[in-house]
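Enquirer: When you get a sec, could you give me coordinates for this:
(chains A, B and C)
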Amino acid sequence: MSLTLEHIVKALGGELSGPTDRVIEGLAPLQSAGPAQLAFLSHPKYIAQLAQTQAACVILKSEFLSSVPAGTSAIATPDPYLYFARLTRLWKQAHRPADPTGVHPSAVVHPSARIAPDASIGPLCVVEEGAVIGAGTVLRSRVTVGYDCQIGERCLVHAGVVIGADGFGFAPVQGTWEKIEQLGAVRIGNDVEIGANTCIDRGALDDTVIEDGVKLDNLIQIGHNVHIGAHTAMAGCVGVAGSARIGAHCTVGGGAVVLGHLTLADHVHISAASVVTRSILKPGQYTGMFPLDDNAKWEKNAASLKQLHQLRERIKRIEQQHPQQEP
Amino acid sequence: MSLTLEHIVKALGGELSGPTDRVIEGLAPLQSAGPAQLAFLSHPKYIAQLAQTQAACVILKSEFLSSVPAGTSAIATPDPYLYFARLTRLWKQAHRPADPTGVHPSAVVHPSARIAPDASIGPLCVVEEGAVIGAGTVLRSRVTVGYDCQIGERCLVHAGVVIGADGFGFAPVQGTWEKIEQLGAVRIGNDVEIGANTCIDRGALDDTVIEDGVKLDNLIQIGHNVHIGAHTAMAGCVGVAGSARIGAHCTVGGGAVVLGHLTLADHVHISAASVVTRSILKPGQYTGMFPLDDNAKWEKNAASLKQLHQLRERIKRIEQQHPQQEP
Amino acid sequence: MSLTLEHIVKALGGELSGPTDRVIEGLAPLQSAGPAQLAFLSHPKYIAQLAQTQAACVILKSEFLSSVPAGTSAIATPDPYLYFARLTRLWKQAHRPADPTGVHPSAVVHPSARIAPDASIGPLCVVEEGAVIGAGTVLRSRVTVGYDCQIGERCLVHAGVVIGADGFGFAPVQGTWEKIEQLGAVRIGNDVEIGANTCIDRGALDDTVIEDGVKLDNLIQIGHNVHIGAHTAMAGCVGVAGSARIGAHCTVGGGAVVLGHLTLADHVHISAASVVTRSILKPGQYTGMFPLDDNAKWEKNAASLKQLHQLRERIKRIEQQHPQQEP
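Expert: I've put the predicted structure just below:
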């Protein structure tokens, strides 16, 4: 596995300082890169690592060129992290076969499903009646796409994903539950990536909708009739309850929960492990998470927390009986 | 896809106002229903939508009949939501093929497994030695049922479910873990629904038990020897640790965690994302969740929370040195 | 299913009191064990159960031999729980067939994958190009092992596990996300157990590493480039974000979240449902979890919590204006 610097710069641009025929055998973090590896500097705080790097070449902004050690090549570019992202794709294309187009013989695909000729349906996938898989989309392995569900173009769906299982809908009747059949489907836009073992349920009446460019990590639960706006990203283990409407360009941290029937505006950012219990109409970062502490301290603080409302009343009474002057 | 109102009322009852031959082409929410769609009104707070609906027909209580706009048909029934649930089933039966009975050729079923003749074992399922699948039960696709595990009648198991993996049991020995083989199985009652990628572990010595009518959403973890009482429902991403005993008619909100060896009485309701750390013997709603706030405010409050026990001590001291009169 | 006490003691040691030819038909908890079953006493607090047990035989420390009821046999051993663990394995070996060695015909294994002759690749597994599966390792069913990923010896991987899906890496560019190809793999040591539907992502540049003896429960998410030290155990539904480095001999409770790029020292123990937001360099037990309460009390306390920082300021002002004497 190797590429010359010349090959890289021809494909991705950037200004190369150093010999063009230098051979790169791998990509690596700046700190640990060896003398045949290429690294990148994306943030000035790592500049100390630059002086000591063993890397063959470093991708960086031109303003840091003067700090590159002698003998190390450099590629100057305005956005080193983006350059690096593109380099990973160049690298993968050069060294690994593309996912094969067509349907793996072990997959179970209903004859009525419409699968783009250059889509890739991996081993042991299930594509049900009437499902649609767009051009260039890849289902890696053991993915289920339920009946009538649609996936757009250039999507990547990892192993174990379930799209179009029934939403969780029951009517209570005398202490038992009667099933509400889920008559909607799932519609997924273009350029969506869905992580391993993530589930996206079909809608009850209307469809569940995932817009273009959404990125979902592993083990995420998306309930029925959820709508996720374009280019929103969610980290692993997030749960989004039914009929939540999440805007575009949002981020949701790992393990967070969004309750049902809420609206999140565009550009809302939810911190990891936080629980969204009301709609959020103003962009910004939102958090709700019990701070970690050593167990003994936590026990004391948690016990006090169970009396916090009383403490507040006690403070109020003190203030009333011992009046305060304005500071 | 269509049904006449006459067909619907014949099948499900209710009092129809309006022409019987009106053709319904779909079900929809009251707010968005079009002139060939059927909607329902389940709660008086949506009565304003009724005046403006475009729906062909609305299911509602007879007391609201006078508010139905001219030209809109109506079906009066004591429980519109239940009527709607049954209508979704009628609709699905009329328009989609039932899951085929028998074993899909791609499934891997051990010859000793006992599968009811009218059960449906979907594509790429695995049913191990000695497992039992009851009459009318459907395993959708890519479901694993471990050896000796039993599923009752009329159950619906969604894609990716794993029933009967080993419970998590290890004995510590000098800093390492020795496996405790899990010798129990899983027993699931009748009319149970299990959501996509949910896992129910086999018991260590006795069985893990899921009673009749339990409804589990997606990505739920049920540990070994858990017992879930009849008609309890759990939303997505819940985790129930080993040997917890959960009563009948309970609900557990999404992302909640129930620790091991606890008992929850019947009719206990746990809010989403709450952590149950002790047994709950009294019916009611229980919650424990850090309230969401904008990140800057959260940071201040979380920092203060880490000193809450000290704050309490300071209040106590003020009260002692500046005595309060009874209000 | 039965074993004589003689057979058990010959295999596992321990001092038997009572007839050697007594036939044991099952293992059971001390409290519920019947007259043909074997139980164990691991903790003095259950000694009251010993007097009333119906068990055929009890495994216990020799100091409790005098409390064994007449007619009950006993096996004395220094560590009854460990003895019991080994007995479960003896029991299983005697009564269930071992997982068959070789590749199940329904599995999809790339010809370049190297699979030890005595490994067991279960039904409907996928083993991709260049993957390595060590001696004695068992993939139960529907497991995916991605290209170039390595699993050591004597590992047990439960159904639905996904090893080597892409890590979650994207570079932001003008409001959209550009994929960073994940060029690393996953390396798993010996004697590792991985629970059902758990996911371990491949690294971005370097590998994700799981060291020897790690035990992971079900539905766990391990992000790219995470490093988990030897003999660490994690309960169900844990999420570990990218590049976290977790020490050896740690435990992580169910539903806990570890944020990315953190370091946890050896012997750190995280309580269930806690969120680790900073590195922990000192061994110990750490917790952060909102205490459960009935919903009405929780609402009051949660509302007060959103003003906690203000309450703290108010206490400070009282103290300044009404000075306190040292107690």
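
Enquirer: so does the longest helix seen in chain A get close to chain C?
Expert: The residue-count maximum for a helix in chain A (DSSP state H) belongs to helix A:80-95. Yes: using CB under 8 Å from any CB of the partner chain, helix A:80-95 reaches chain C at A:Tyr81, A:Leu82, A:Phe84, A:Ala85, A:Arg86, A:Thr88, A:Arg89, A:Trp91, A:Lys92. Backbone N, C-alpha and C define where each C-beta goes, glycine included.

Enquirer: how about the next helix-or-strand element following that helix, does it reach chain B?
Expert: Sequence-wise, the next helix or strand downstream of helix A:80-95 (DSSP states H and E) is strand A:102-103. No: applying CB under 8 Å from any CB, one finds strand A:102-103 separated from chain B by no less than 13.3 Å.

Enquirer: all helices for chain A, in order.
Expert: A:5-12, A:47-52, A:80-95, A:295-305, A:308-321.

Enquirer: Residues of the stretch 101-250 of chain A that sit close to chain C?
Expert: A:104, A:106, A:122-124, A:140-142, A:156, A:158-160, A:191, A:193, A:195-197, A:213, A:215, A:217-219, A:231, A:233, A:235-237, A:249.

Enquirer: contacts with chain B among these, please.
Expert: Answer for these near chain B (CB under 8 Å from any CB): A:Ser106, A:Leu124, A:Arg142, A:Gly160, A:Asn197, A:Leu219, A:Cys237.

Enquirer: what pLDDT, on average, does stretch A:110-129 get?
Expert: Model confidence over stretch A:110-129, given as mean pLDDT, is 98.

Enquirer: Can I get it in PDB, CA atoms only?
Expert: What follows is stretch A:110-129, C-alpha atoms only, in PDB (Å, rounded to 0.1, in the frame of the first residue of the first chain):
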ATOM      1  CA  HIS A 110     -38.100  -9.400  -3.300                       C
ATOM      2  CA  PRO A 111     -38.600  -9.400  -7.100                       C
ATOM      3  CA  SER A 112     -40.700  -6.200  -6.900                       C
ATOM      4  CA  ALA A 113     -37.900  -4.200  -5.100                       C
ATOM      5  CA  ARG A 114     -36.200  -1.700  -7.400                       C
ATOM      6  CA  ILE A 115     -32.500  -1.700  -7.000                       C
ATOM      7  CA  ALA A 116     -30.300   0.700  -9.000                       C
ATOM      8  CA  PRO A 117     -27.900  -1.200 -11.200                       C
ATOM      9  CA  ASP A 118     -24.800   0.200  -9.500                       C
ATOM     10  CA  ALA A 119     -26.100  -0.200  -6.000                       C
ATOM     11  CA  SER A 120     -24.500  -2.900  -3.800                       C
ATOM     12  CA  ILE A 121     -26.600  -5.300  -1.700                       C
ATOM     13  CA  GLY A 122     -24.200  -7.200   0.500                       C
ATOM     14  CA  PRO A 123     -24.300 -10.700   1.900                       C
ATOM     15  CA  LEU A 124     -27.400 -11.800   3.900                       C
ATOM     16  CA  CYS A 125     -29.400  -8.600   3.400                       C
ATOM     17  CA  VAL A 126     -33.100  -8.600   3.100                       C
ATOM     18  CA  VAL A 127     -34.900  -6.200   0.800                       C
ATOM     19  CA  GLU A 128     -38.700  -6.500   1.000                       C
ATOM     20  CA  GLU A 129     -41.500  -6.000  -1.500                       C
END
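
Enquirer: Now do the buried residues in that stretch.
Expert: A:113, A:115-116, A:119-128 (16 or more other CB atoms under 10 Å in any protein chain shown).

Enquirer: for stretch A:13-21, same thing?
Expert: Applying 16+ other CB under 10 Å to stretch A:13-21 flags A:Gly14, A:Leu16, A:Gly18 as buried.

Enquirer: Would you agree the last one is in contact with A:Leu5?
Expert: In other words, A:Gly18. Yes: counting by CB atoms under 8 Å, A:Gly18 touches A:Leu5, with 7.0 Å between them.

Enquirer: Now the common contact residues for the two.
Expert: A:Cys57, A:Ser73 (CB atoms under 8 Å, 6 or more residues apart in numbering or on different chains).

Enquirer: and the stretch 101-250 of chain A, which residues reach chain B?
Expert: A:106, A:108, A:124, A:126, A:128, A:142, A:144, A:146-147, A:160, A:162, A:165-166, A:168-171, A:173, A:175-183, A:197, A:199, A:201, A:204-206, A:219, A:221, A:223, A:237, A:239, A:241.

Enquirer: and with 7 Å instead?
Expert: Residues of the stretch 101-250 of chain A lying close to chain B (CB under 7 Å from any CB of the partner chain) are A:108, A:124, A:126, A:142, A:144, A:160, A:162, A:165-166, A:168, A:170-171, A:173, A:175-181, A:183, A:197, A:199, A:201, A:205, A:219, A:221, A:223, A:239, A:241.

Enquirer: From those, list the buried ones, please.
Expert: Buried among these (16+ other CB under 10 Å): A:108, A:124, A:126, A:142, A:144, A:160, A:162, A:165-166, A:168, A:170-171, A:177-181, A:183, A:197, A:199, A:201, A:205, A:219, A:221, A:223, A:239, A:241.

Enquirer: Would you check which pair of the buried residues of stretch A:110-129 lies furthest apart?
Expert: Within the buried residues of stretch A:110-129, A:Ala116 and A:Leu124 form the most distant pair, 20.0 Å apart (CB to CB).

Enquirer: To C:Pro291, which of the helices of chain A lies closest?
Expert: helix A:295-305 (4.5 Å).

Enquirer: any idea of the mean pLDDT in the closest one?
Expert: Per-residue pLDDT over helix A:295-305 has a mean of 96.

Enquirer: ditto for stretch A:220-237
Expert: Per-residue scores along stretch A:220-237 average to 98.

Enquirer: do stretch A:42-50 as well
Expert: Along stretch A:42-50, the predicted local confidence has a mean pLDDT of 90.
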